[in-house]
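Novice: how does the following fold in three dimensions:
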Amino acid sequence: MAKKKYTPLELMKMAIEESHKSVPEHTDKTDPLVGALITTKDGVLLAKAHRGELREGEHCEYTLIERKLVNENLKDCVLYVTLEPCTDASRNKGKRGCSTHVTKARLGTVYVGIEDPNPKIATEGIKFLESKGINVHMFNQELGDTIRKDNAQFIKEKEKEALQAKLVAIQPKRTILQQPAKGSTIASFSSDIINKFINASSATFTYPSPEFNEWAEQFEFIEKEAKTNEYKPTGLGVMLFGKNPENQFPQTIFKVEINYGKGKPEIRDFKGALVKQLPEVIDFIKDKGLKFTMDKSSGSRKEVADFPFEVLLEAIGNAVIHRDYTIEGATNYLYIDPEKIIVRSPGEPFLPITLDDLKKFDAPSLSRNPKIMYIFNQMHLAEQRGIGLRDMKHLPKEGFPLPSFQMKAGSLEVTFGRTKDYIAKQANIKDLDKLTEEDKQGYLFIQQRGEVSRGEFAAELDLNDKTAQRRLARLVELKLVTMTGDKRGARYKAKRTK
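Specialist: As a prediction, this is how the structure comes out:
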């Protein structure tokens, strides 16, 4: 007697009926209703199965292929299944996905009820089957709607998972500052350094204490591990308060080189937590890098540096606070010689600040690392006012040229001149004796103002018109200044330093 042959539509409906027998395995989430059957290529039914039929959680494709029909030759047979077959990647380690079982059995055609809403599968099972040469067809729309209605709660939960997966995908990857530092524990913090911060900032909590943990977690200096409930320092926390942050983050080292003009330069690497490092660098520079004399003119003894110490302090602070700590192969660098001072910090200017903004001394008050800025501000080591361009812009009033800004090997380099020789070299004046004190005085005034008229120049320096004209002409000849316009309407502008 010939076996009955079914039409594809009849087999689709039969698979849906079989899915209603599915056995749930979870109590904390909804399991899908899945039914499947395998037929010969001409529609003779070989076997049916539903999820969890023979074993809790067992997928029905596996039940059919590896249990009920394990001894049958299924080459070119047809599978009808209400839910897209899962993939290897979506299963627990060591388990094959149903799509792999289907291809191993050499089935020729698969009819799929609906795509799996699980974001780990979501059309990947269908793509895998097609990549192996299996013909894939979908149930008609009406039957697909029936399956979706039967699995409404399961689909809702999986769509929520899919949305969360998309949100995670579009979120920027956490930087090394935001992530827990590998191998670090709360013991990686230095109690001396944290107490130094507490004392300097007049914080109301103590260390160690729950209040400190609450504060540090709020600022993302520590993070609670979900499984153990233990606090782990983040990269930022280790950099600020760690015992030896340079072991994990060598980019936190601050390199200083002082060339005294004769003999070997003095080189020193400053390590340790940033909270401790900045004061140490400042003390070292004050002691070694700048010449201090005693001013007794006011009747009291007062230390006076041969370069504005507050400006240099601000530049060093900026390098520590605003640099890009995600650049792992670069450190802060300070170079001092009798002629110039160079401060180099890794990273481009922090957008929307541009290099051109810095060169114009016109940048908004923004910080790449606002939490580091906050800590230093609380310790009175920095002011929350941006990059200190206002102080730097007034250097010509104190007899020093404006600093120059440039990018060098991925780092922002700020160069301060200390002598008229530096100004001459910037203008490519080979004969340094050519540049007089009058030239320097006039150039610095124009540089500080940006642009002046002959009348403004004469008034500031207390010159008659003829002398002002002569001195301006000389600055133009030395290529320190450019002139636009003619006669009394001319404007004089300092050339921008490199």
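
Novice: next up, the contacts around the spatially most central residue of the chain.
Specialist: Centroid-nearest residue in the chain: T175, 4.7 Å away (criterion: Cα atoms, centre = their mean). Contacts for T175 (Cβ atoms under 8 Å, 6 or more residues apart in numbering) come out as 235, 326. The way it works is simple: take the backbone N, C-alpha and C, and place the C-beta from them, glycine included.

Novice: which helix or strand contains it?
Specialist: Secondary structure assignment for T175, by DSSP states H and E: no helix or strand.

Novice: where does it fall, phi/psi-wise?
Specialist: Main-chain dihedrals, T175, degrees, to the nearest 10: phi -80, psi 170.

Novice: likewise for the one 5 residues further on?
Specialist: Its backbone dihedrals place P180 at phi -60, psi 140, with angles given as degrees, to the nearest 10.

Novice: tell me where the stretch 351-498 of the chain has helices.
Specialist: Ranges of helices in the stretch 351-498 of the chain, per DSSP state H, counting those that start in this stretch, are 355-359, 370-378, 389-393, 420-426, 437-449, 454-461, 465-477.

Novice: just send the ones you listed back as CSV, with mean pLDDT and distance to L278 too.
Specialist: Below are the helices of the stretch 351-498 of the chain laid out as CSV (pLDDT from 0 to 100; distance: least, Cβ to Cβ, whole Å):
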stretch, mean pLDDT, distance to L278
helix 355-359, 83, 21
helix 370-378, 85, 7
helix 389-393, 77, 17
helix 420-426, 70, 26
helix 437-449, 81, 29
helix 454-461, 85, 38
helix 465-477, 86, 39
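
Novice: select, out of those helices, the one closest to S184.
Specialist: Minimum separation from S184 across those (Cβ to Cβ) falls at helix 370-378, 17.4 Å.

Novice: off-centre distance for that closest one?
Specialist: Centroid displacement of helix 370-378 relative to its chain, using Cα atoms, centre = their mean, to the nearest Å, is 18 Å.

Novice: please work out which residues outside stretch 455-475 touch it.
Specialist: Under Cβ under 8 Å, 6+ apart, the answer for stretch 455-475 is 438-439, 441-443, 445-446, 449, 452, 454, 481, 483, 488, 492.

Novice: out of the helices of the stretch 351-498 of the chain, the one nearest R344 is which?
Specialist: Minimum separation from R344 across those (Cβ to Cβ) falls at helix 355-359, 13.8 Å.

Novice: show me which residues of the closest one are buried.
Specialist: Residues 357-359 are the ones in helix 355-359 that count as buried (16 or more other Cβ atoms under 10 Å).

Novice: between the residues you listed, which is closest to P208?
Specialist: Nearest to P208, judged by Cβ to Cβ, of those is L358 at 41.6 Å.

Novice: quick one: that closest one and S411, what's the gap?
Specialist: To S411, L358 is 13 Å away according to Cβ to Cβ, to the nearest Å.

Novice: then A2?
Specialist: Per Cβ to Cβ, A2 is found 83 Å from S411.

Novice: give me the more crowded residue out of the two.
Specialist: Using other Cβ atoms under 10 Å, the more surrounded residue of A2 and S411 is S411, with 21 against 5.

Novice: residues touching the more buried one, list them.
Specialist: Counting by Cβ under 8 Å, 6+ apart, S411 touches 330, 333, 344-347.

Novice: got phi/psi on G43?
Specialist: In terms of degrees, to the nearest 10, the main-chain angles of G43 are phi 100, psi 10.

Novice: and it, how far is that from V275?
Specialist: Between G43 and V275 the computed distance is 77 Å (Cβ to Cβ).

Novice: more neighbours, these two?
Specialist: Regarding G43 and V275, a neighbour count based on other Cβ under 10 Å identifies V275 as having more, with 22 against 15.

Novice: show the buried residues in the contacts of stretch 455-475.
Specialist: For the contacts of stretch 455-475, a burial check counting by 16+ other Cβ under 10 Å picks out 439, 442-443, 445-446, 452, 454, 481, 492.

Novice: low pLDDT regions in the stretch 1-150 of the chain?
Specialist: For the stretch 1-150 of the chain, applying pLDDT under 70 flags the ranges 1, 94, 119.

Novice: strands of that one, residue ranges please.
Specialist: Taking DSSP state E, counting those that start in this stretch as the criterion, the stretch 1-150 of the chain carries its strands at 35-39, 45-50, 78-83, 109-114, 135-138.

Novice: going by distance to G52, which of the contacts of stretch 455-475 wins?
Specialist: R449 (83.7 Å).

Novice: distance-wise, check that closest one relative to K232.
Specialist: 54 Å.

Novice: over to E310?
Specialist: From E310 across to K232, the span is 38 Å (Cβ to Cβ).

Novice: repeat for K286
Specialist: Distance from K286 to K232, counting by Cβ to Cβ: 37 Å.

Novice: so I282 is in contact with A315, correct?
Specialist: No. When contacts are counted by Cβ atoms under 8 Å, I282 is not listed as touching A315 (11.0 Å).

Novice: which of these two has more neighbours?
Specialist: Set I282 next to A315 and count neighbours by other Cβ under 10 Å: A315 wins out with 21 against 17.

Novice: what sits against that one?
Specialist: Shown in contact with A315 (Cβ under 8 Å, 6+ apart): 341, 343, 388, 392, 403, 414, 416.

Novice: swap in 6 Å and give it another go.
Specialist: With contacts defined as Cβ atoms under 6 Å, 6 or more residues apart in numbering, A315 is in contact with 343, 414.

Novice: residue boundaries of the helices in the stretch 1-150 of the chain?
Specialist: Under DSSP H, counting those that start in this stretch, the stretch 1-150 of the chain gives helices at 8-19, 60-62, 98-104, 124-131, 141-150.
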